[in-house]
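J.: need coordinates for the below:
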Amino acid sequence: MTTKIKKQISGKMLCCIIALVMPIMAFGQGQTITVPIGETVTGDLFGNSNNANGIGNADLTPIGNTLIIDGTVNDNMGLEGSAMGATANAAWAGTATGAVTGNTVTVNVGGTVANTVRGGFSYDNSHEASNNTVNVYGTVYSAVFGGSTLGSNANDNTVIVSGTAGGVCGGSTEGGGTASGNTVTINGGSVFNHVTGGSSYTGAAENNTVIIKGNTTIGVFLMGGNTNGTSSGNKLKIYSTNLTVDEVRYFQIMNFHLPADITNNATMIISTDPSDIAGVTVELDFATTAPTLAVGDLITLIENVTGIPDNDGDSFDINDYTFEISVLDGALIATVMAAPIVTFTVTFSGEEIDIEPQTIEEGNLATKPADPERTNYDFGGWYTDNDTFENKWDFETDVVMQDTTLYAKWEQTIGIEQLQVTNYKLQVYPNPANSRLNVKLENNANGTLTLFDMSGKIVLSQAVNGNSAQINVSQLSAGNYILRLLENGTESDGVQVIKK
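T.: Just a heads-up that it's a prediction; the model follows:
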């Protein structure tokens, strides 16, 4: 059954009577309550309540209920302003049975809750809160619990936050129950207070997992298993950099997933107060693809630590990298001991250039080839720019850090007076030319005069019928060009033309 707060009750809109002290509840199993966009609930909101307070079935297990918040659950008139997927209360109902399990609360983007959000909540020592889920995409101003109890177990609950929350705990019990197997994921969200995997007052807090991804902020502590009893097997998995917390506590395993864009001297966690990592097992992996790092690069996993991890000095072979874990100057460090060989290709380009490309390891020098030769030109060196020839490559100092193309610079050596002599069929003047170029042919011709730039591109063509022609070059850019005559499928030798 699905319930919306717009549904009429006794002829009145529910949103008009929800200011009553009695909380809003849907009773049974597999039920859904939705707070639509633009609607406001004042007081508590329950997906299911298992109690004997005159409402509902005291023997019904609160299972599989869903609470969806697109609007607002407001704190007003002394009411708590909380949202819960399900509750069980044997203090109110001595015959209540069954665990609070499989319930879901979702606070969507734009949804707000003034107080606490719990996926499942048990008021006593007889009902577990397990396998409940809370998703926060909107805003919760107080704490978020996947599952919580006053004394029983709070196990295998899940909280995912990509919005904003006051604090987060996967599973919490205030008595001697266990808080184990809970998972908290902060995926680019903001948490004002603590983030805790599992918390028990005196019971075991074991095998809880906290996952940190994206651009996340956490206001106070980052904790795994918080208890006065046994804390073991709790794991931190972090995939991002520059996370600042007051302190990292109660994790026995810390798994650092290096992001693909991590660089030398990056920091993953900044701990304002010293974080005790004595006895912690450190694990290292790549979040996705391998980053680009060099031998000797340092990654600070946690800045400001005390103690030595259980596997201090261990090496990790990941893809073609080898990292060594150590504590250096009060920080937990991963040092790159071996890195894959990165190579780049250096290509040589230009007029009449036929030089084999070179494969060069990153950071090394390319080998200077023998100077090329070209008729009527002097070689002016190799450059990384083909148009202006301003950035000359120095083979003694310039190291290769990417695929590189080097362009040959040619400097003309032929004199102007030589250009004005007949080239078998063509004679041009004035040369250099400013606006008009006169062409005299050795014999009458019926063909096409074509002007090429130095890259071989045709920039101008003009028909000729006779033994002379005049070409307008005023619109051409200053530079060197080649003029050829095409007649009867035969192309003459080129004459170089200079445009002033």
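J.: how near is Asp385 to Thr158?
T.: With distances taken as C-beta to C-beta, to the nearest Å, Asp385 is found 56 Å from Thr158. In this view, the C-beta of every residue, glycine as well, is placed from N, C-alpha and C.
J.: which of the two has more neighbours?
T.: Thr158 (21 against 12; other C-beta atoms under 10 Å).
J.: need the contact list for the more buried one.
T.: Gly119, Asn132, Thr133, Val134, Gly146, Gly170, Asn182, Thr183, Val184, Thr185 (C-beta atoms under 8 Å, 6 or more residues apart in numbering).
J.: and for Tyr201?
T.: The contact partners of Tyr201, by C-beta under 8 Å, 6+ apart, come to Thr173, Glu174, Gly175, Gly176, Thr227, Asn228.
J.: give me the nearest residue to the last one, chain neighbours excluded.
T.: Among residues not flanking Asn228 along the chain, Thr202 sits closest, at 5.3 Å (C-beta to C-beta, 6 or more residues apart in numbering).
J.: coming back round to it: so which of the contacts of Thr158 are in strands?
T.: Thr133, Val134, Gly146, Gly170, Thr183, Val184, Thr185 (DSSP state E).
J.: so can I have JSON lines of the residues you listed showing distance to Pro259, neighbour count and pLDDT?
T.: Putting those into JSON lines (distance: C-beta to C-beta, whole Å; neighbours: other C-beta atoms under 10 Å; pLDDT from 0 to 100) gives the following:
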{"residue": "Thr133", "distance to Pro259": "27", "neighbour count": "20", "pLDDT": "93"}
{"residue": "Val134", "distance to Pro259": "26", "neighbour count": "31", "pLDDT": "93"}
{"residue": "Gly146", "distance to Pro259": "27", "neighbour count": "35", "pLDDT": "94"}
{"residue": "Gly170", "distance to Pro259": "24", "neighbour count": "36", "pLDDT": "97"}
{"residue": "Thr183", "distance to Pro259": "21", "neighbour count": "22", "pLDDT": "98"}
{"residue": "Val184", "distance to Pro259": "20", "neighbour count": "29", "pLDDT": "98"}
{"residue": "Thr185", "distance to Pro259": "16", "neighbour count": "20", "pLDDT": "97"}
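J.: tell me which stretches of the stretch 201-350 of the chain form helices.
T.: Counting by DSSP state H, counting those that start in this stretch, the stretch 201-350 of the chain has no helices at all.
J.: hmm, back to that, check whether the residue nearest to Asn228 really touches Thr173, as I assumed.
T.: No. Thr202 is not in contact with Thr173 according to C-beta atoms under 8 Å; the separation is 9.2 Å.
J.: the more surrounded of those two?
T.: Thr173 (29 against 13).
J.: isn't that one up against Ser152?
T.: Yes. Taking contacts as C-beta under 8 Å, Thr173 lies within contact range of Ser152: 6.5 Å.
J.: need the overlap of contacts for the two.
T.: Joint contacts of Thr173 and Ser152 (C-beta under 8 Å, 6+ apart) do not exist.
J.: from Ile302, how far off is Asp70?
T.: 39 Å.
J.: compare those two and say which is more crowded by neighbours.
T.: Neighbours per residue (other C-beta under 10 Å) separate Asp70 from Ile302, with Ile302 holding more: 28 against 18.
J.: any idea how far that one is from Ile186?
T.: Taken as C-beta to C-beta, the span from Ile302 to Ile186 is 17 Å.
J.: can you name the residues that contact the residue nearest to Ile341 when sequence neighbours are not counted?
T.: Distances taken as C-beta to C-beta, 6+ apart put Glu361 closest to Ile341, at 5.9 Å, once the chain neighbours are dropped. Contacts for Glu361 (C-beta under 8 Å, 6+ apart) come out as Ile341, Val342, Thr343, Val400.
J.: distance to Val495, neighbour count and pLDDT added to these, as TSV?
T.: TSV is the format used below for these (distance: C-beta to C-beta, whole Å; neighbours: other C-beta under 10 Å; pLDDT from 0 to 100):
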residue	distance to Val495	neighbour count	pLDDT
Ile341	51	7	87
Val342	48	14	85
Thr343	45	13	91
Val400	40	21	96
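J.: where's Ser162 relative to Gly198, distance?
T.: On the measure of C-beta to C-beta, Ser162 and Gly198 end up 21 Å apart.
J.: and these two? which has more neighbours close in?
T.: Set Ser162 next to Gly198 and count neighbours by other C-beta under 10 Å: Gly198 wins out with 38 against 18.
J.: that one - that's part of a strand, no?
T.: Yes. Assessed with DSSP: H, G, I helix; E, B strand; the rest coil, Gly198 lies in a strand.
J.: residue contacts, it?
T.: By C-beta under 8 Å, 6+ apart, the neighbours of Gly198 are 154, 169-172, 179-182, 205-206, 208, 224-227, 234.
J.: one more: Thr133?
T.: Per C-beta under 8 Å, 6+ apart, neighbours of Thr133: Gly85, Asn103, Thr104, Val105, Gly119, Gly146, Asn157, Thr158, Val159, Ile160.
J.: neighbours around the third one, how many?
T.: Translated: Thr104. Thr104: 21 neighbours (other C-beta under 10 Å).
J.: what domains does the record give for this structure?
T.: 2-338, 343-412, 418-499 (automatic domain parsing).
J.: please identify the deepest-packed of those domains.
T.: Of the domains of the chain, the one with the most neighbours on average (mean count of other C-beta atoms under 10 Å) is domain 2-338, at a mean of 21.
J.: from the chain's centroid, how far away is it?
T.: Between the centre of domain 2-338 and the centre of its chain there are 22 Å (C-alpha atoms, centre = their mean, to the nearest Å).
J.: ditto for stretch 485-500
T.: With C-alpha atoms, centre = their mean, you get 57 Å for stretch 485-500.
J.: what about it, average pLDDT?
T.: Stretch 485-500 carries an average pLDDT of 82.
J.: just stretch 363-381 next, same as before
T.: 91.
J.: just stretch 111-127 next, same as before
T.: On average, stretch 111-127 scores 83.
J.: which residue packs closest to the spatially most central residue of the chain, ignoring adjacent ones?
T.: Geometric centre of the chain, nearest residue: Gly214, 6.6 Å, by C-alpha atoms, centre = their mean. Spatial nearest neighbour of Gly214, excluding adjacent residues (C-beta to C-beta, 6+ apart): Gly188 at 2.8 Å.
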